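> coords please:
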Amino acid sequence: MNNKTNSIRRIITDSDMTRDTWRVFQIMAEFVEGFETLAGIKPSVSMFGSARLGPEHPYYALGEKIARTLSDAGFAVISGGGPGLMEAFNKGAYAGASASVGLNILLPREQATNEYQDISLYFRHFFSRKVMFVKYASAYVVLPGGFGTLDEMAEILTLTQTGKSKKIPIVLVKSEFWAGLLAWFRQTLVRENTIDENDLDLFQVVDEPEQVVEAIFSYYGKEEAAKNGYDKTKQLDL
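You can find the predicted model right below:
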């Protein structure tokens, strides 16, 4: 055994291993609680949007109306559980006929749980929380947001593109907001062959709350998925 290997072994102390082992159990507990809680909430729609846009912003009222429309149409609404547009989503669903679900993340600052949740789950780890957004969703609805929203959108598109998640509606709301990004997709990513042109068909863009619900029902009216005919194993291999 060389000196480099000995140095590495000295770095990995017993306390490090113990800490990492307990972290594994924490992660397992988050998955188990999430699976047990969300498995019975069907159908559901995961909604994403900025935490920084409060009740005074037009997008807040738009998000609240979309969530209320979805809830009254029979969809549980799942959000990140925090402030801003996440609060709007939960508020709209809370006033509607179906469940309002918050997947809250425990952060040193920023995240504060909103009060409009019928069901609340709490996560220390972003990656286990992300699985819960994806695994039981019948559709994804993405309103304007920042890096976090873009991260969730990219994750969803990647999982669908690669077949790791079943194909379901991905609806972007507010065409004006998304126009620049979508132009870059077409003019740069497609041209440079980093995505296929048909990857642009993975999502659609709408502006009105009624169009969101229409897009979802229209999709399931045409697809085998409406009859549960899709391959159920294509759900993050879980």
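> SS state for residue 20?
helix (DSSP: H, G, I helix; E, B strand; the rest coil).
> check contacts around it.
Shown in contact with residue 20 (C-beta atoms under 8 Å, 6 or more residues apart in numbering): no residues. Every C-beta, even on glycine, is put in place using the N, C-alpha and C of the backbone.
> what pLDDT is listed against it?
Here, the pLDDT recorded for residue 20 equals 75.
> what's the spacing between it and residue 122?
21 Å (C-beta to C-beta, to the nearest Å).
> ok, residue 115 next?
Taking C-beta to C-beta, one finds residue 115 at 15 Å from residue 122.
> of those two, which one has the most company?
residue 122 (14 against 10; other C-beta atoms under 10 Å).
> A helix includes that one, no?
No. Applying three-state DSSP, one finds residue 122 to be strand, outside a helix.
> quick check: which element contains residue 59?
If you go by DSSP states H and E, residue 59 is part of helix 58-72.
> same question for whichever helix or strand comes after that helix, mean pLDDT?
Toward the C-terminus, helix 58-72 is succeeded by strand 76-79 as the next helix or strand (DSSP H and E). Averaging pLDDT along strand 76-79 gives 97.
> so what are the sheet partners of strand 76-79 and their directions?
Its sheet considered, strand 76-79 pairs with strand 44-48 (parallel), strand 100-105 (parallel) by DSSP bridges.
> export the last one as PDB, just CAs?
Extracted as PDB, the C-alpha positions of strand 100-105 are listed here (Å, rounded to 0.1, in the frame of the first residue of the first chain):
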ATOM      1  CA  SER A 100     -52.900  21.400  -1.700                       C
ATOM      2  CA  VAL A 101     -49.500  19.700  -1.100                       C
ATOM      3  CA  GLY A 102     -46.300  21.500  -0.100                       C
ATOM      4  CA  LEU A 103     -42.900  19.800  -0.500                       C
ATOM      5  CA  ASN A 104     -41.000  22.100   1.900                       C
ATOM      6  CA  ILE A 105     -37.200  22.300   1.900                       C
END
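> how far away from the center of its chain is stretch 179-189?
Taking C-alpha atoms, centre = their mean, to the nearest Å, one finds stretch 179-189 lying 22 Å from the centre of the chain it belongs to.
> the protein: helices as residue ranges?
Counting by DSSP state H, one finds helices in the chain at the ranges 3-11, 14-38, 58-72, 85-94, 126-135, 147-161, 175-184, 209-222.
> about what we covered before: can you redo the strands paired with strand 76-79 as CSV with distance to residue 189, mean neighbour count and mean pLDDT?
Shown next, in CSV, are these (distance: least, C-beta to C-beta, whole Å; neighbours: other C-beta atoms under 10 Å; pLDDT from 0 to 100):
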stretch, distance to residue 189, mean neighbour count, mean pLDDT
strand 44-48, 21, 27, 97
strand 100-105, 29, 24, 95
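> which of these sits closest to residue 218?
strand 44-48 (14.4 Å; C-beta to C-beta).
> returning to that earlier point: need the helices of the chain in CSV with distance to residue 49, can you?
Formatted as CSV, those follow (distance: least, C-beta to C-beta, whole Å):
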stretch, distance to residue 49
helix 3-11, 42
helix 14-38, 20
helix 58-72, 6
helix 85-94, 3
helix 126-135, 13
helix 147-161, 6
helix 175-184, 10
helix 209-222, 13
